[in-house]
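Chemist: Starting from these lines, generate the structure:
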Amino acid sequence: MRKIWWLHSGVALSFGLGVMLFARAGLAHADKVLIALFVSWLLLFVALRFITGPANRREQEGFARKGIRVATNYIIKQFYQQMFFFLTPLYASSATWSFASWNWWLAPLLLICAVLSTMDLVFDHFVMERRWLASAMYGLAMFSLLNVLLPLVVECDHATGLIVAGAATPASVALLTFSVRSVLSPQGAILTLGMTGLLLAGVWYGRAVIPPAPLAMPETSVGNGGYGELECMPSSKHQLRADQLDKLRCGSLLREPGGLKEPVVHVWVHNGTEVSRQSPSQFTCDGDGVVFRSELEPAKLPKDPIGTWACETWTRGGQLVGLRKFEVVTKEGKTLEELHVGSGSAIAAPRDAGVD
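Modeler: Residues are numbered from 1 along each chain as shown. I've put the predicted structure just below:
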């Protein structure tokens, strides 16, 4: 019997991977799918609160009640699977996959929950038997869903969606874990409000490590020299010489289902120090994305520009969209490391971050 359940888990995992591929390719319909997931989330709350779990189990259960509980538990797993598998690629596309950023952590966590929800024996006998764990998974799903859903459907900016998601999650988890009377009691209300305040403070001050899903930056580049006649994105350079920094510019190609919800900001960083913060100009180019481009003013260049640079793209609300690293070397082509240690060995060229 266990082999049959593990076989079913394998089939569920394969189906979940298909959902991920759909989410990756079908972003144009993401708003409709997410609304359906939100309705599923409401049904999930009712099922978790009143039907499944040890708190709703009786010592003497009839065949019909036990059958309803088993069937409901199976449906819950399907909701969990599709929700987590659908959200994972949205957050993965929006994350900045770089050691210079920490906003990639949510995508792996969602993927772990997605895979866990396909493992029937683990989910049934471990997760669902521990209401605190089921509530934590539910809270993560709710927060992640609302954070994506609100900018798509209500068309609010990502910071507003983040705050609303943070405010709604603790109360729903509390109602899922404890009785309504306990939550509405003075102690319960104070505890719930306190947890809400802590989560709101956490998401606000930690918003830089939460990706602004489903906003994604599939391409970014840094270039210099004269503008091309039909230039949209700058030419891609990873290394520039110190005497060739005229018209130094950065471009970001952004995509979001339903269009961009808020302006972005370009932050120029030299050796870890912010040099300039600009509102880039928006360009409409061929394709389904929007290009933002900024040019670093010559007066903002430090006297010694040699070293590691980065052009970071942020939302106006303070969430990192992605970044592009590049290096400025001497006129002779020597890096900062070569100047310091006198070595002739070359270091690896910086890579893009926050792009596919």
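
Chemist: any low-confidence regions in the chain?
Modeler: Within the chain, the stretches with pLDDT under 70 are 1-77, 124, 128, 341-356.

Chemist: Quick check: L152 touching L260?
Modeler: No - judged on C-beta atoms under 8 Å, L152 makes no contact with L260 at a distance of 11.9 Å. To be clear about C-beta, it is placed using only N, CA and C from the backbone, and glycine gets the same treatment.

Chemist: ok, those two, which is more surrounded?
Modeler: Remark: of L152 and L260, L152 carries more neighbours, 23 against 17, as counted by other C-beta atoms under 10 Å.

Chemist: so which strand or helix has that one?
Modeler: For L152, the host element (DSSP states H and E) is helix 131-153.

Chemist: by contact count, what packs against that helix?
Modeler: helix 30-50, helix 63-94, helix 106-118, helix 158-177 (3 or more C-beta pairs under 8 Å, 6 or more residues apart in numbering; DSSP states H and E).

Chemist: Starting from the strand or helix carrying T308, tell me the next helix or strand along the chain.
Modeler: Here T308 is covered by strand 307-315, with elements defined by DSSP H and E. Toward the C-terminus, strand 307-315 is succeeded by strand 320-329 as the next helix or strand (DSSP H and E).

Chemist: quick one: that following strand to strand 307-315, angle?
Modeler: With axes from the mean of the first three to the mean of the last three C-alpha atoms, to 10 degrees applied, the angle from strand 320-329 to strand 307-315 works out at 160 degrees.

Chemist: Quick check: what element follows strand 320-329 along the chain?
Modeler: By DSSP H and E, the next helix or strand past strand 320-329 is helix 336-341.

Chemist: State the distance from the closest residue to V154 other than its chain neighbours to F86.
Modeler: Leaving aside its sequence neighbours, V154 sits nearest to G161 (C-beta to C-beta, 6 or more residues apart in numbering; 7.7 Å). G161 sits 17 Å away from F86, going by C-beta to C-beta, to the nearest Å.

Chemist: ok, now T335?
Modeler: For T335, the distance to F86 - C-beta to C-beta - is 44 Å.

Chemist: Looking at the two, which one has more neighbours?
Modeler: Counted by other C-beta under 10 Å, T335 and F86 do not tie: F86 has more neighbours, with 25 against 20.

Chemist: Report whether the expected contact of the residue nearest to V154 with L146 is present.
Modeler: Yes - look at G161 against L146 with C-beta under 8 Å: they come within range, at 6.9 Å.

Chemist: Quick check: bridge partners of the closest residue to G333 other than its chain neighbours?
Modeler: Nearest non-adjacent residue to G333, counting by C-beta to C-beta, 6+ apart: R241, 6.6 Å away. When assigned by DSSP bridges, R241 has beta-bridge partners V329.

Chemist: Spit out the contact partners of R241.
Modeler: Counting by C-beta atoms under 8 Å, 6 or more residues apart in numbering, R241 touches V328, V329, T330, K331, G333.

Chemist: Dump those residues to CSV, plus neighbour count and distance to M195.
Modeler: As requested, the contacts of R241 are arranged in CSV below (neighbours: other C-beta atoms under 10 Å; distance: C-beta to C-beta, whole Å):
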residue, neighbour count, distance to M195
V328, 23, 47
V329, 19, 51
T330, 16, 54
K331, 10, 58
G333, 11, 56
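
Chemist: what's around G228, how many residues?
Modeler: 11.

Chemist: Correct me if wrong, but it is in a strand.
Modeler: No - using DSSP: H, G, I helix; E, B strand; the rest coil, the assignment for G228 is coil, not a strand.

Chemist: Could you give the secondary structure assignment for the closest residue to it other than its chain neighbours?
Modeler: Excluding the flanking residues, the one nearest G228 by C-beta to C-beta, 6+ apart is S235, at 7.8 Å. When classified by three-state DSSP, S235 comes out as coil.

Chemist: Which residues are in contact with S235?
Modeler: Going by C-beta under 8 Å, 6+ apart, S235 touches S221, G223, G225, G228.

Chemist: Is there a quick PyMOL command that grabs whichever of the residues you listed are buried?
Modeler: A single PyMOL command selects the buried members of those (16 or more other C-beta atoms under 10 Å):
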select buried, resi 221+223
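
Chemist: would you list the contacts of S235 in CSV and tack on distance to L296?
Modeler: Output for the contacts of S235, formatted as CSV (distance: C-beta to C-beta, whole Å):
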residue, distance to L296
S221, 14
G223, 11
G225, 13
G228, 18
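
Chemist: Output the contacts of S235 in CSV, with secondary structure and distance to W132 appended to each entry.
Modeler: As requested, the contacts of S235 are exported to CSV (DSSP: H, G, I helix; E, B strand; the rest coil; distance: C-beta to C-beta, whole Å):
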residue, secondary structure, distance to W132
S221, strand, 47
G223, strand, 52
G225, coil, 59
G228, coil, 58
